[in-house]
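*Asks:* Provided below are the primary sequence and the corresponding predicted coordinates.
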Protein chains: 2
Amino acid sequence: MNERIDRYLSSHYQRRLDELSAFLRIPSISALSEHKHDMKQAADWVAGQLRQAGAKNVEVHRTTGNPVVYGDYVHTPGHPTVLVYGHYDVQPVDPLNLWESAPFEPSIRDGKLYARGASDDKGQVFMHIKALEAILESGEQLSVNLKFCIEGEEEIGSPHLPEFVETHSALLAADVLLVSDTTMLGPDQPAICYGLRGLCALQIDVRGAKSDLHSGLFGGAVPNALHAMVELLATMHGPDGSVTVEGFYDDVQPLDPEERSALSTLPHDDDAYKAALGLTALHGEPGYSTIERYMARPTLEINGLYGGFQGEGTKTVIPATAHAKITCRLVNDQDPERILGLITAHIRSHTPIGVTATVQRYDSGRPFVTHPDSPAIQVAAASYEAGFGVKPYYTRMGGSIPIVEVFDRVLHTPVVLMGFGLPDENFHAPNEHFSLANFERGLRTIAHYYTHLQNV
Amino acid sequence: MNERIDRYLSSHYQRRLDELSAFLRIPSISALSEHKHDMKQAADWVAGQLRQAGAKNVEVHRTTGNPVVYGDYVHTPGHPTVLVYGHYDVQPVDPLNLWESAPFEPSIRDGKLYARGASDDKGQVFMHIKALEAILESGEQLSVNLKFCIEGEEEIGSPHLPEFVETHSALLAADVLLVSDTTMLGPDQPAICYGLRGLCALQIDVRGAKSDLHSGLFGGAVPNALHAMVELLATMHGPDGSVTVEGFYDDVQPLDPEERSALSTLPHDDDAYKAALGLTALHGEPGYSTIERYMARPTLEINGLYGGFQGEGTKTVIPATAHAKITCRLVNDQDPERILGLITAHIRSHTPIGVTATVQRYDSGRPFVTHPDSPAIQVAAASYEAGFGVKPYYTRMGGSIPIVEVFDRVLHTPVVLMGFGLPDENFHAPNEHFSLANFERGLRTIAHYYTHLQNV
């Protein structure tokens, strides 16, 4: 690690923590419209920090949704340009009663900073800004040009970012997209994520009679929307957990033996995993390891199902309607729109007699995989080693960051997912927190990357 | 029809309507504890009416729940005793916005009296009291001894009535139980119901992981409680709608050919039935007519199903729990407890891997069928003919009045179900009403029964 940068970072520890705390105090919950003003305030705060760090062309860009903050430092001609993407919006905080300290009143306990957004993603966005500041203030040289694109709608599916990226493709043009919004494998197990699953989402609405019917007076003679929904959903999986929608696996490539071998070396223990989740058994596609199942295989998951009576006790009703929420995780060449089409066709051909089934489609995103042996990834690995003292693991993530695929497609840049969160830091849940040790080690990792990446 | 009774009834029409309206204004909703005081008031009102009609030994009997009103007129030695059962409690009224006039402000439109309880069951209870009054006031002779047992918990499953019946079996001893809480087939189609289906109820709770999990980070590797519930429920029916729980039909007798032939003469049209319910197709056990399916065949019906996300849009969650509410309608010798045992065993042997399924049992009632050719039924048929000018149909009802089976078992009386409601009078729904024409014709039917039944 560069000594001058390290010294600067060490001597500004408390100020940095105070600043991050100020950022975390802004309740920038994008899902709730009453926080509109907080979104603007958080965007302005990011812009102010970028300027203070030395960034140029800092601007809070209006969109029809929440603003996008842009800033850059482009003074290293002939060297690659890194576009840093992150988000200043956070998830809602309910149920509030499960928080041990108030979600927007940052609190340090056991070396962890507790607050909504601490790890996802304010803390990680802030590290990038502070890494730039540390390099410039300590008189060191960036080996790259830097651009920052920090949005305020990631937690609601980035509805306005694709348009912003397309209309500002020149401004955002870069050689590498760098995102810190993923997790490491464990406290001393940094990880570079080289793949994300894609996503598509739908709702099925089944209708039978025009209204609920008395199960005594009509039961046995009329269709029941819940029976029909159960019968329909049961056709979508085999007993072994595989997806039985016709054509679902058409565009899934067999796992590369070399990759399987690499994934098998990741630290994982089925028994400990089961115990941690309170499960008596794991369940998934036969022929794949747990890690392969959640990182590299596609799924069709019922996220919600409802119809009829939900109160205490019983109600003798034949429900007229039933509803199911479904999302799929996609890999390789699975196209979200094609998959939605296959599922819709499956529903059409498997709808039981006497009911109608309609499909609503929601936002979707393509799967993404990059090459772990590209220079952009290899320098990231070296930087992790400089920051953490150990080599990082190469992993895929079962989750989806749909916007990563948009950057990939519109800007044609390789993507580096350099995350510093931990799997148990309660992303999206009460008591979200961020390890202060990883905050410091991550800062040094990023500063190393900014000063060592020479080509992509 | 007896002329003096008829004259008395005709000359007291308005007073009778005013009194019924006063009864209907009492919001005696047994399901809601804030109406405790109204239950007492309704019971006292019934007791007052019984006294005014000439009944003796009138008493409002306390129970640990709502009171039971008793009264009798036992002055016809050597003749049969008829026990009239009914209820003064009513269903809740939500959704209130769908009522065209306030549920507890009786309103007459198009010859129909609109109010909660108008037909189910205050109106029908009131008719019995007024029939006694008309006979006594017009100087006619009862051919029977009369006892009234009017409870206040029918709409919540009569939790305290079985105990009351058992501890008051001498007081309630009778030769016939007479219940007016069922419907006719149509405005000019009176019906004697000679059978009711039984009922058993349960809830299934499925649990997978100890909490909901992120479908990106875990999806594909862990059990999903909703998948397991769907897989489990799908094993309970065949595609043709028959129940596939092992042993479910063991105690169901084949339908008697003579009864089938009688049921086939009941007025019914599948196309009109379908259209009225807004259905594109009917669905039920093959080999049975619609009427047989809902009157005389058993069912297993999912009344409610829920788990996971139910909000707008999507949430990428793997639900940890799923819940299903189920009721069965039973016929012949199907014992509710045995059926619950069979379903529990089925659940045990069909629970998918990786989840647990637990069963909660709720109240149940046995099926009930009586002989249509008993004198108690045959005189009822003659009374309908006297009151309505047409012969009644003999029907079974797909619904359940579990307490009927308790009277049958404890008091060993034949049961006559002499209903005056209509199928479209919105029992349990907004805009409940009662045909004033049937109110008047029914009064005369009951008075005829009270003055003509000589032996059972």
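*Replies:* Perfect, thanks for sending it. Residues are numbered from 1 along each chain as shown, chains lettered A, B, ... in the order given.
*Asks:* around chain B, which positions in the stretch 301-450 of chain A sit nearby?
*Replies:* Applying CB under 8 Å from any CB of the partner chain, we find that the stretch 301-450 of chain A lies next to chain B at A:301-310, A:313-319, A:322-323, A:325, A:327, A:329, A:352-354, A:356, A:362-363, A:397-400, A:423, A:427-428. Bear in mind the C-beta positions are built from the backbone N, C-alpha and C, glycine included.
*Asks:* now, those residues that are in strands?
*Replies:* Judged by DSSP state E, these include A:301-308, A:317-318, A:322-323, A:325, A:327, A:329, A:356, A:397 as members of strands.
*Asks:* buried subset of these as a ChimeraX selection?
*Replies:* In ChimeraX, a selection of the buried entries from those looks like this (16 or more other CB atoms under 10 Å in any protein chain shown):
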select /A:301,302,303,304,305,306,307,308,317,318,322,323,325,327,329,397
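*Asks:* how about residues contacting stretch A:246-261?
*Replies:* Stretch A:246-261 is contacted by residues A:243, A:288, A:292, A:296-298, A:300, A:331-335, A:338-339, A:342, A:345-346 when judged by CB atoms under 8 Å, 6 or more residues apart in numbering or on different chains.
*Asks:* can you do 6 Å?
*Replies:* With CB atoms under 6 Å, 6 or more residues apart in numbering or on different chains as the contact definition, stretch A:246-261 has outside contacts at A:296, A:298, A:331-334, A:342, A:346.
*Asks:* just stretch A:436-453 next, same as before
*Replies:* Contacts for stretch A:436-453 (CB under 6 Å, 6+ apart): A:1, A:5, A:9, A:111, A:113, A:127-128, A:130-131, A:134-135, A:142-144, A:379, A:383-384, A:386-388, A:420.
*Asks:* mind checking which of the residues you listed land in helices?
*Replies:* Among these, DSSP state H puts A:5, A:9, A:127-128, A:130-131, A:134-135, A:379, A:383-384, A:386-388 in helices.
*Asks:* can you list these in TSV and add distance to residue A:193?
*Replies:* Converted to TSV, the ones in helices among the contacts of stretch A:436-453 look like this (distance: CB to CB, whole Å):
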residue	distance to residue A:193
A:5	25
A:9	25
A:127	17
A:128	17
A:130	22
A:131	19
A:134	25
A:135	25
A:379	16
A:383	15
A:384	12
A:386	19
A:387	16
A:388	15
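*Asks:* in stretch A:437-449, what's buried?
*Replies:* Buried residues in stretch A:437-449 (16+ other CB under 10 Å): A:438-449.
*Asks:* I should have written stretch A:336-351 there, sorry.
*Replies:* Neighbour count says stretch A:336-351 has A:336, A:338-340, A:342-344, A:346-347, A:350-351 buried, by 16+ other CB under 10 Å.
*Asks:* now, these that are in helices?
*Replies:* Residues of the buried residues of stretch A:336-351 located in helices (DSSP H): A:336, A:338-340, A:342-344, A:346-347, A:350.
*Asks:* report the angle between the helix or strand of chain A with the lowest mean pLDDT and helix A:336-350.
*Replies:* Least confident helix or strand, chain A: helix A:402-411 with a mean of 82, by mean pLDDT, DSSP states H and E. Helix A:402-411 and helix A:336-350 are oriented at 120 degrees to each other (axes from the mean of the first three to the mean of the last three CA atoms, to 10 degrees).
*Asks:* convert the helix or strand following helix A:402-411 to CSV, retaining C-alpha atoms only.
*Replies:* Proceeding N to C from helix A:402-411, the next assigned helix or strand is strand A:415-418, under DSSP states H and E. C-alpha atoms of strand A:415-418 as CSV (Å, rounded to 0.1, in the frame of the first residue of the first chain):
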residue,chain,number,x,y,z
VAL,A,415,-17.8,-4.5,-15.4
VAL,A,416,-15.9,-5.0,-12.2
LEU,A,417,-18.1,-5.8,-9.1
MET,A,418,-15.9,-5.0,-6.2
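*Asks:* the host helix or strand of residue A:37 packs against which elements?
*Replies:* Taking DSSP H and E as the criterion, residue A:37 maps to helix A:36-53. Judged by 3 or more CB pairs under 6 Å, 6 or more residues apart in numbering or on different chains; DSSP states H and E, helix A:36-53 is in contact with strand A:56-61, strand A:68-73, helix A:122-137.
*Asks:* what ranges do the helices span in the stretch 151-300 of chain A?
*Replies:* Along the stretch 151-300 of chain A, the segments classed as helices by DSSP state H, counting those that start in this stretch run A:161-167, A:169-172, A:215-218, A:225-234, A:257-263, A:270-277, A:290-296.
*Asks:* how far away from the center of its chain is the first one?
*Replies:* The offset between the C-alpha centroid of helix A:161-167 and the centroid of the whole chain comes to 19 Å, using CA atoms, centre = their mean, to the nearest Å.
*Asks:* what sits up against that helix?
*Replies:* Under the criterion CB under 6 Å, 6+ apart, residues A:63, A:68, A:151, A:403, A:406, A:410 lie in contact with helix A:161-167.
*Asks:* so who does the first one touch?
*Replies:* Spelled out, it's residue A:63. Residue A:63 touches A:160, A:164, counting by CB under 6 Å, 6+ apart.
*Asks:* look up how far residue B:455 lies from it.
*Replies:* To residue B:455, residue A:63 is 88 Å away according to CB to CB, to the nearest Å.
*Asks:* backbone torsions only: list them for residue A:24.
*Replies:* With angles defined as degrees, to the nearest 10, residue A:24 sits at phi -70, psi -20.
*Asks:* that one against residue A:106, yeah?
*Replies:* Yes: here residue A:24 reaches residue A:106: they are 4.6 Å apart, a contact under CB atoms under 6 Å.
*Asks:* quick one, which of those two is more surrounded?
*Replies:* The neighbour comparison of residue A:24 against residue A:106 (other CB atoms under 10 Å in any protein chain shown) goes to residue A:24, with 27 against 23.
*Asks:* find me the pLDDT at that one, would you?
*Replies:* pLDDT for residue A:24: 98.
*Asks:* if we can go back for a sec, which among the ones in helices among the contacts of stretch A:436-453 gets closest to chain B?
*Replies:* Nearest to chain B among the ones in helices among the contacts of stretch A:436-453 is residue A:384, at 20.8 Å by CB to the nearest CB.
*Asks:* pretty sure the closest one contacts residue A:392?
*Replies:* Yes: using CB under 6 Å, residue A:384 is in contact with residue A:392, at 4.0 Å.
*Asks:* looking at the two, which is more packed in?
*Replies:* Ranked by neighbour count (other CB under 10 Å), residue A:384 and residue A:392 place residue A:384 first, with 26 against 23.
*Asks:* check contacts around the more buried one.
*Replies:* Residues near residue A:384 by CB under 6 Å, 6+ apart: A:190, A:392, A:445.
*Asks:* can you flag which of those residues belong to strands?
*Replies:* Among those, no member falls in strands (DSSP E).
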